[in-house]
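Peer 1: return atomic coordinates for the entry below.
(one chain, ligands or ions: 1)
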Amino acid sequence: MDTITIAKGDGIGPEIMDATLEIIMAAGAQLKIEEIEIGEKVYLDGNTSGISETSWDTIRKNKIFLKAPITTPQGKGYKSLNVTTRKFLGLYANVRPCSSLHPFIKTKHPDMDIVIIRENEEDLYAGIEHQQTDEVMQCLKLISRPGCEKIIRYAFEYAKKYNRKKVTCFTKDNIMKQTDGLFHQVFKEISEEYPDIVNEHWIVDIGAAKMADTPEAFDVIVMPNLYGDIMSDVAAQITGSVGLAGSANIGEECAMFEAIHGSAPRRAGQNLANPSGLLQGAIMMLTHLGQTKVAEKVKNAWLTTIEEGVHTYDIYKDSVSKEKVGTKEFAKAVIDNLGKTPKNLKAVIYEDSSPIRLPRYERKPLAKKELMGVDMFVHWPGFDADEIASKLQELNTGELELTMITNRGIKVWPNGFDETFCTDHWRCRYSATQGSNTEKEHIIDLLKNAFENDIDFIKTEHLYAFDGKPSFSLGQGQ
Ligand code: NAD
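Peer 2: Take a look at the predicted model:
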């Protein structure tokens, strides 16, 4: 008997959770269930994280969490509970299988069978955002080597365990050479350890287009957080409905299972929603817990129901469906099919269900780190780059001198174009005059000069070389 935590969430959440639990318990799942309340009501009661301390205690004690979707209220201050849960519990891998069920669910892609493995803890979802000037907001994109190594190794281990032939990586490293560049670099390194699995890399924009058009060309796809979030909704939708896919969020200690879709508030309380996404999450949970035979029974009953043409509104099509049903009737049909195997769709057999365990991350020897200068970001409401450059050149110390100014990344001084539009947010690069290195104390001298000259500096970013390799972006056009 495994004890799990569940939360029924908001919108369609309670209906799809009731249906899911009814099905898996009828199939013989050995579960003791502890329910917590999360989401909209908790947020609106004044808890900006959407979850209470005691609920955290329950989740951490039981380690396995089956979660229905929740509504994050619009407005400032409410943090996404989904993102918080994934990060607090170290659920680094988000596994989202999406396969078509042709000809029983209408899709343009009858042979699609892909698994998206989405990095779950970092990227733009670090949630570190600031308004820096009247006109400019900033969101920090953080990509770490441990984060990349864990998710990419997980993707290859997943492919190995489930006999998948290829792992594809999507990044935008032609533009984000440091962040996405690291993800791609680690992909290259780790793929060498798996010579039996084909590996390939696509730039995310054309990769996304290819996946939406020819998904059968892909098998396992590993991606940074934001691309994975977007692409897994696309992948689920093109199998027939976003309501069909489930997701597993896996960490070293804990795991959370859910549907990939949201709380669909417009469909709530009408017995309309498709419970299949959360049910897929629950099936993944049962295999994770080692209750493989129950998982198999549920999945085969669900496949049978789908091929019988008993469909909720989102997948109902006159040409392929036989009966349009609500959430409860769909659950009843799956329960009636427990013990059956599908006649046309491929029945599942789950064997090895042990969770994938990765080696502990080993910190690499420290690189030689040299300070080469500093980018000082300045709030200045003018438009003329030469004007701000002449003010900023006055700040030059003996050790640091102004070498470049960019605006939204594009070089505007020296030799900028009159056509380039400038905001009130200027990145002013000061480089070491002596050789290529400088010291932090020279940056302090520079900032003192800026302060004394009424320059509104809003942040600085140090320019480092790691093991002799300059590790910062050039200005566009530099
Ligand atoms: P959504 O996924 O809730 O709904 C998008 C559309 O998909 C809906 O209009 C609905 O027609 C359809 N749909 C989704 N699930 C369905 C199902 N099971 N059966 C039938 N149709 C289904 O996305 P949204 O409208 O952008 O977001 C609504 C709320 O959900 C927001 O508050 C958002 O923050 C939240 N959300 C929560 C999660 C989560 O808890 N994991 C994930 C995404 C969005």
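Peer 1: most remote residue from the chain's center?
Peer 2: residue 398 (45.6 Å; Cα atoms, centre = their mean).
Peer 1: who's in contact with that residue?
Peer 2: Under the criterion of Cβ atoms under 8 Å, 6 or more residues apart in numbering, the contact list for residue 398 reads residue 433. Heads up, the C-betas are built off the backbone N, CA and C, glycines and all.
Peer 1: dihedrals phi and psi, it?
Peer 2: phi -60, psi -30 (degrees, to the nearest 10).
Peer 1: quick check: residues of this structure near the ligand?
Peer 2: 12, 16, 69-72, 82, 242-243, 258, 261-267, 273-274, 277, 314 (Cβ under 6 Å from any ligand atom).
Peer 1: can you tell me which of those are in helices?
Peer 2: Members of the residues of the chain next to the ligand lying in helices (criterion: DSSP state H): 16, 82, 277.
Peer 1: save these as CSV, and put in pLDDT and neighbour count too.
Peer 2: Formatted as CSV, those follow (pLDDT from 0 to 100; neighbours: other Cβ atoms under 10 Å):
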residue, pLDDT, neighbour count
16, 98, 30
82, 85, 20
277, 96, 25
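Peer 1: sorry, back to before: check the residues of the chain next to the ligand for burial and list the buried ones.
Peer 2: 12, 16, 69-72, 82, 242-243, 258, 261-264, 267, 273-274, 277, 314 (16 or more other Cβ atoms under 10 Å).
Peer 1: still on that earlier bit, which one of the ones in helices among the residues of the chain next to the ligand is nearest to residue 440?
Peer 2: Closest to residue 440 out of those is residue 82 (39.1 Å), distances taken as Cβ to Cβ.
Peer 1: wouldn't that closest one be in contact with residue 70 here?
Peer 2: Yes - assessed by Cβ atoms under 8 Å, residue 82 is found in contact with residue 70 at 7.3 Å.
Peer 1: residue in the chain nearest to the ligand?
Peer 2: Nearest residue of the chain to the ligand: residue 262, at 2.4 Å (Cβ to the nearest ligand atom).
Peer 1: chain center to the lowest-mean-pLDDT helix or strand in the chain, what's the gap?
Peer 2: Within the chain, confidence by mean pLDDT, DSSP states H and E is lowest for helix 81-88 among all helices and strands, at a mean of 86. Centre-to-centre, helix 81-88 and its host chain are 11 Å apart (Cα atoms, centre = their mean, to the nearest Å).
Peer 1: who does it touch, helix- and strand-wise?
Peer 2: If contacts are counted by 3 or more Cβ pairs under 8 Å, 6 or more residues apart in numbering; DSSP states H and E, helix 81-88 sits against strand 255-259.
Peer 1: how about the CA coordinates for the strand it packs on, as PDB?
Peer 2: The C-alpha coordinates for strand 255-259 follow below in PDB (Å, rounded to 0.1, in the frame of the first residue of the first chain):
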ATOM      1  CA  ALA A 255       7.600  12.900  -7.900                       C
ATOM      2  CA  MET A 256       4.500  14.700  -9.100                       C
ATOM      3  CA  PHE A 257       2.000  13.500 -11.700                       C
ATOM      4  CA  GLU A 258      -0.500  15.600 -13.600                       C
ATOM      5  CA  ALA A 259      -2.300  16.400 -16.800                       C
END
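Peer 1: which residue ranges make up the domains of this protein?
Peer 2: 1-89+244-352, 108-239, 369-470 (automatic domain parsing).
Peer 1: and the strands in the stretch 351-478 of the chain?
Peer 2: 369-379, 400-407, 410-413, 425-432, 457-466, 469-470 (DSSP state E, counting those that start in this stretch).
Peer 1: Serialize these to CSV and add fields for mean pLDDT.
Peer 2: As requested, the strands of the stretch 351-478 of the chain are exported to CSV (pLDDT from 0 to 100):
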stretch, mean pLDDT
strand 369-379, 97
strand 400-407, 96
strand 410-413, 95
strand 425-432, 97
strand 457-466, 97
strand 469-470, 93
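Peer 1: same list (the ones you listed) but as JSON lines, adding mean neighbour count.
Peer 2: Output for those, formatted as JSON lines (neighbours: other Cβ atoms under 10 Å):
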{"stretch": "strand 369-379", "mean neighbour count": "20"}
{"stretch": "strand 400-407", "mean neighbour count": "22"}
{"stretch": "strand 410-413", "mean neighbour count": "22"}
{"stretch": "strand 425-432", "mean neighbour count": "23"}
{"stretch": "strand 457-466", "mean neighbour count": "15"}
{"stretch": "strand 469-470", "mean neighbour count": "12"}
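Peer 1: do you know which of those lies nearest residue 443?
Peer 2: Residue 443 sits nearest to strand 369-379 of all the strands of the stretch 351-478 of the chain, at 4.9 Å, using Cβ to Cβ.
Peer 1: centre-most residue in the chain?
Peer 2: Note: the chain centre (Cα atoms, centre = their mean) maps to residue 225, 2.7 Å.
Peer 1: what's the neighbour count on the residue lying closest to that residue once chain neighbours are set aside?
Peer 2: Spatial nearest neighbour of residue 225, chain neighbours left out: residue 123 (3.6 Å); criterion: Cβ to Cβ, 6 or more residues apart in numbering. For residue 123, the neighbour count with other Cβ atoms under 10 Å is 24.
Peer 1: quick one, what contacts residue 123?
Peer 2: Residue 123 touches 141-143, 179, 224-226, counting by Cβ under 8 Å, 6+ apart.
Peer 1: among the residues you listed, who's most crowded?
Peer 2: In those, the most neighbours by other Cβ under 10 Å go to residue 224, 29 neighbours.
Peer 1: now do the contacts for it.
Peer 2: 118-119, 122-123, 143, 171, 179-180, 183.
Peer 1: tell me the two of the residues you listed that are most distant?
Peer 2: 118 and 179 (15.8 Å).
Peer 1: all helices for the stretch 51-200 of the chain, in order.
Peer 2: Listed in chain order, the helices of the stretch 51-200 of the chain (DSSP state H, counting those that start in this stretch) span 53-62, 81-88, 145-161, 179-191.
Peer 1: which parts of the second one are buried?
Peer 2: The one in question is helix 81-88. 81-83, 85-88.
Peer 1: ok, the nearest residue to residue 97 once chain neighbours are set aside to residue 98 distance?
Peer 2: Using Cβ to Cβ, 6+ apart and skipping the chain neighbours, the partner closest in space to residue 97 is residue 115 (4.6 Å). Note on residue 115: its distance to residue 98, by Cβ to Cβ, to the nearest Å, is 7 Å.
Peer 1: what of residue 370?
Peer 2: Residue 370 is 46 Å from residue 98, by Cβ to Cβ.
Peer 1: swap in residue 301?
Peer 2: Distance from residue 301 to residue 98, by Cβ to Cβ: 20 Å.
Peer 1: point out where the stretch 1-150 of the chain drops to low pLDDT.
Peer 2: Filtered on pLDDT under 70, the stretch 1-150 of the chain yields the residue ranges 76.
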